[in-house]
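**Student:** After the sequence you'll find the predicted model.
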Amino acid sequence: MGHSGGSLACDKPLLDFTGCRRAGYGLWYSRAEVWVGAPGEDHMPRKLLAEDWRRCGLVGGDTALIHSSLMRTLTSYRRQGLGVTPLTVLTSFLDAVGPFGTLLFPLFNFDFTEGIPFDIRNTPSHMGALTEAARMYPGSVRTGHPIYSFAVIGANAPRFLEVDNFSGYGADSPFGLLRELNGKIAVLDLPDQDSMTFYHHIEEMHSVPYRYHKTFTGNYTDIKGITSTRTYGLFVRDLEQGVLTHVNPMGELLWEAGLYTGDRAHEHSGLRVIEANAMYAFVSAIISSEKAYGLLYIREGVTIHQDSAIP
C-alpha cells in the first residue's frame, strides 16, 4: 500500500495491512490546486519523471497499479528550485502510460474497521498525497470496498466503475481485474513490506491456512448519497497463530528471478515495475510448494531457520 511522506507504518491489532502508512506530505493543497496545479508548479519535471517511469518498465497502453512514497522525489526536485507537486507526479505517470493506458491508486482507509462510516464520495485515502490527487482527479473512478478502494484513471476506468467486491483481496476485486487486464504493479521508493498488498490477493486465492476471512459491518454512503448498513470482508492474518506479514524476502526473490525491472527503492528514480500475472505465478508456485513461511509470513517469537526462505 503506497503512501507519500515519512511516517511510521500503521499496525492494526486485528488486521494486517502490508505497507499501511498514514502521511500528509503535500496534503495542504486544496481540491482546486490538485486539479490545476499548485502555485509555483514547474511542468518541466513532468517530462523528466515520465522518462524515468518508462525506463523502469511502464509503456504506453499499460494498466498499472501505483504504490508510492513521494518524499524523496518531491524533495529532490524542490532542492533544485523546481516546483513539483503530487499532481506533477500523477500527470507524469499518466504521460508514461499514454491516452490508452490506465492507472490505479490505492485509496485504502481503515476507519470502517473501527465503526466509522464510509462515504464513497468523500472518505479520504490514508495512502498519502499522490493517492488523494488521484481520488480528486477529474474522471477518476472509485471502486466500492470501504477499506480497500482504488482510484482508477484512464482508458480502462469504466471497467472498474461497478466494482463493489465483498472481500478486499478477492477474485472480483481490483487486484483480480488487474490480472485480467494483464496489468503491472509499480512501486515508488517503498519496500515490498510497505507496499505490495497484491501478495494478500495471491494468498486469498490459495486460501492459505495462516489467514482467515473476517467481516466488518458499518454505515456506507454510496455515490448517490444513499446511506445503508453494509458488510464487507477481508482475508486477515491469524493473530492467534502469532502470524506476522514478512514479505521483503519474497521481494528479493522477485529481483533475483528478473521479474522486477527498474530501480530499487531510494536508488535513482526509486521505481520498480512487475507484471501482475508473472508475480502471481511465481508466488503461487511457492505457496503451492508450502514454502511461504519466511517469505510471506513469520510467527511471532519463532526463529526463522536459514533454509526456510529458500523455495
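**Tutor:** Alright, I've got the coordinates. Numbering: from 1, shown residues only.
**Student:** CA only for contacts and neighbour counts going forward, please
**Tutor:** Noted.
**Student:** which residues of the stretch 51-200 of the chain fall in strands?
**Tutor:** 63-68, 102-106, 118-119, 141-142, 150-154, 184-188 (DSSP state E, counting those that start in this stretch).
**Student:** looking at those, which is closest to Asp52?
**Tutor:** strand 184-188 (11.3 Å; Cα to Cα).
**Student:** on that earlier part again, could I get the strands of the stretch 51-200 of the chain in CSV, plus columns for mean neighbour count, distance to Asp95 and mean pLDDT?
**Tutor:** Shown next, in CSV, are these (neighbours: other Cα atoms under 10 Å; distance: least, Cα to Cα, whole Å; pLDDT from 0 to 100):
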stretch, mean neighbour count, distance to Asp95, mean pLDDT
strand 63-68, 27, 13, 98
strand 102-106, 27, 10, 98
strand 118-119, 21, 30, 98
strand 141-142, 25, 18, 98
strand 150-154, 26, 11, 98
strand 184-188, 25, 15, 98
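**Student:** where does the chain dip in pLDDT?
**Tutor:** For the chain, the stretches with pLDDT under 70 are 1-43, 304-311.
**Student:** if we go to 80?
**Tutor:** 1-43, 303-311 (pLDDT under 80).
**Student:** Dump the strands of the stretch 51-200 of the chain to a markdown table, plus distance to Arg55.
**Tutor:** A markdown table is the format used below for the strands of the stretch 51-200 of the chain (distance: least, Cα to Cα, whole Å):
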| stretch | distance to Arg55 |
| --- | --- |
| strand 63-68 | 15 |
| strand 102-106 | 17 |
| strand 118-119 | 38 |
| strand 141-142 | 28 |
| strand 150-154 | 21 |
| strand 184-188 | 12 |
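**Student:** What residues of stretch 87-102 count as buried?
**Tutor:** Neighbour counts over stretch 87-102 (16 or more other Cα atoms under 10 Å) mark 87-98, 101-102 as buried.
**Student:** Need these in CSV (columns: distance to His213).
**Tutor:** Shown next, in CSV, are the buried residues of stretch 87-102 (distance: Cα to Cα, whole Å):
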residue, distance to His213
Leu87, 37
Thr88, 39
Val89, 36
Leu90, 34
Thr91, 37
Ser92, 38
Phe93, 34
Leu94, 35
Asp95, 39
Ala96, 37
Val97, 35
Gly98, 38
Gly101, 34
Thr102, 30
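**Student:** Tell me which of those residues fall in helices.
**Tutor:** Among these, the members found in helices (DSSP state H) are 87-97.
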